[in-house]
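[1] Here's my sequence, what's the structure:
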Amino acid sequence: MTAISLTTLLLALGIGTTLTFVSSHWLLAWMGLEISTLAILPLMTQHHHPRAVEAATKYFLIQATAAAVLLFASTTNAWISGHWDIQQTSHPLPLTLLTLALALKIGLAPLHSWQPEVLQGLTLNTGIILATWQKLAPFAILAQIQTPNSLLLVMLGITSIFMGGWGGLNQTQLRKVLAYSSIAHLGWMVLVLQYSYPLALLALLLYIIVTYATFTMFMVQTVSSMKTLFALGSKNPVLTTLLPLLLFSLASLPPLTGFLAKLLILKELTKQGLTATAGLAIMGTLLSAFFYIRLSVATTLTLAPNLTTGTTTWRLPSSRLTMPLSISSMLAVALLPLTPALLALFMY
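    Purely as a prediction, here's the structure:
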């Protein structure tokens, strides 16, 4: 793919998401979602691999289905209420259809089964966009919907947390593990979205930082499955030491950055009187923590030293850009002391 084509597609991707951000009209928001969906499809198939074509086809069909349901629900709401304003959607039937359509778009359980298969067929470069940037526009619409009945979002959140943890237990491919990790983290955001929108936005930002750092680490190390983690110690000892910290941050273990969002969400749920819901969310997180720890153990169990006379891999200069990895890894590991400043910024 040429530089001009790549720039055009990335620009269209940004314009589509931005259009959804700034629009309060259902048709404009739907148009922004479609622009971003059509822009990412050529990025998925740029290497012309059969797995990439299959992933792009599955993604297109799922997103088209969700967009059709979204357009039908918004039209039904306009027919019932007489207006197209997103924040004025109040009828239970369009609200339920809209919530389910947006849940299908971002991959919330039980509408999540497409996400691991699609992410597995993509490169890590495109996987970053799918796991982070493509969640922003549907999440922004979901935040604008005034849901009078919180039971649906609570059920979607709890189901996503458990399915994200349970589905990642038997996975050996790292992209599928990150897909189930995305499902579990989105469940936490949806769980607190109706009670504190700034807190859900903070959780989304922290998730993007930690996930971007993990994807970039896998790209620099050129790993794609669990068995390739055993050889990382002989390739780059410093990055191999940093990788378990990123995985522990995804698992939300203190005192790393990922612990910040889960702690604040649990505090908010307890304040709202949802102690049982908070307890279920913690138990679901234990499932996710298990496969993160398993990946960390696989990283530390390095291969036995060999007797080759050539220069070891970690002594060779790297041709990859490591500055984004350095910045994102630092934020993903050491952002917890800035909790008061982040709260003051997002709660303002």
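
[2] For the chain, which helix or strand comes out least confident on mean pLDDT?
    helix 232-235 (a mean of 72; mean pLDDT, DSSP states H and E).

[3] Report the buried residues of stretch 259-275.
    259-262, 264-266, 268-269, 274 (16 or more other Cβ atoms under 10 Å). For every residue, glycine as well, the C-beta is placed using N, CA and C.

[4] Could you give the bridge partners of residue 25?
    residue 85 (DSSP bridges).

[5] just checking, it touches residue 87?
    No: if you go by Cβ atoms under 8 Å, residue 25 and residue 87 don't touch, sitting 10.6 Å apart.

[6] Name the residue in the two with the higher neighbour count.
    Between residue 25 and residue 87, counted using other Cβ atoms under 10 Å, the more crowded position is residue 25 (13 against 9).

[7] Check what pLDDT the more buried one gets.
    You'll see residue 25 listed with a pLDDT of 88.

[8] measure it to residue 32 for me?
    From residue 25 across to residue 32, the span is 10 Å (Cβ to Cβ, to the nearest Å).

[9] try residue 272
    In terms of Cβ to Cβ, residue 272 sits 32 Å off from residue 32.

[10] cool, and residue 113?
    Taken as Cβ to Cβ, the span from residue 113 to residue 32 is 25 Å.

[11] about what we covered before: which elements pack onto the least confident helix or strand of the chain?
    helix 237-250, helix 275-300 (3 or more Cβ pairs under 8 Å, 6 or more residues apart in numbering; DSSP states H and E).

[12] ok, now with 10 Å
    helix 197-221, helix 237-250, helix 275-300 (3 or more Cβ pairs under 10 Å, 6 or more residues apart in numbering; DSSP states H and E).

[13] Can you get me the start-to-end distance on stretch 43-57?
    Terminal residues of stretch 43-57 lie 12 Å apart, using Cα to Cα, to the nearest Å.

[14] ok, now stretch 145-156?
    15 Å.

[15] Count the residues that sit near the nearest residue in space to residue 264 that is not next to it in sequence.
    Excluding the flanking residues, the one nearest residue 264 by Cβ to Cβ, 6 or more residues apart in numbering is residue 199, at 5.7 Å. Look at residue 199: counted by other Cβ under 10 Å, it has 20 neighbours.

[16] same thing with residue 73?
    Neighbours around residue 73, by other Cβ under 10 Å: 23.

[17] mind listing what it touches?
    Contacts for residue 73 (Cβ atoms under 10 Å, 6 or more residues apart in numbering) come out as 26, 89, 91, 93-102.

[18] where do the helices sit along the stretch 51-200 of the chain?
    With helices called from DSSP state H, counting those that start in this stretch, the stretch 51-200 of the chain shows them at 92-106, 114-120, 124-131, 136-144, 151-167, 174-193, 197-221.
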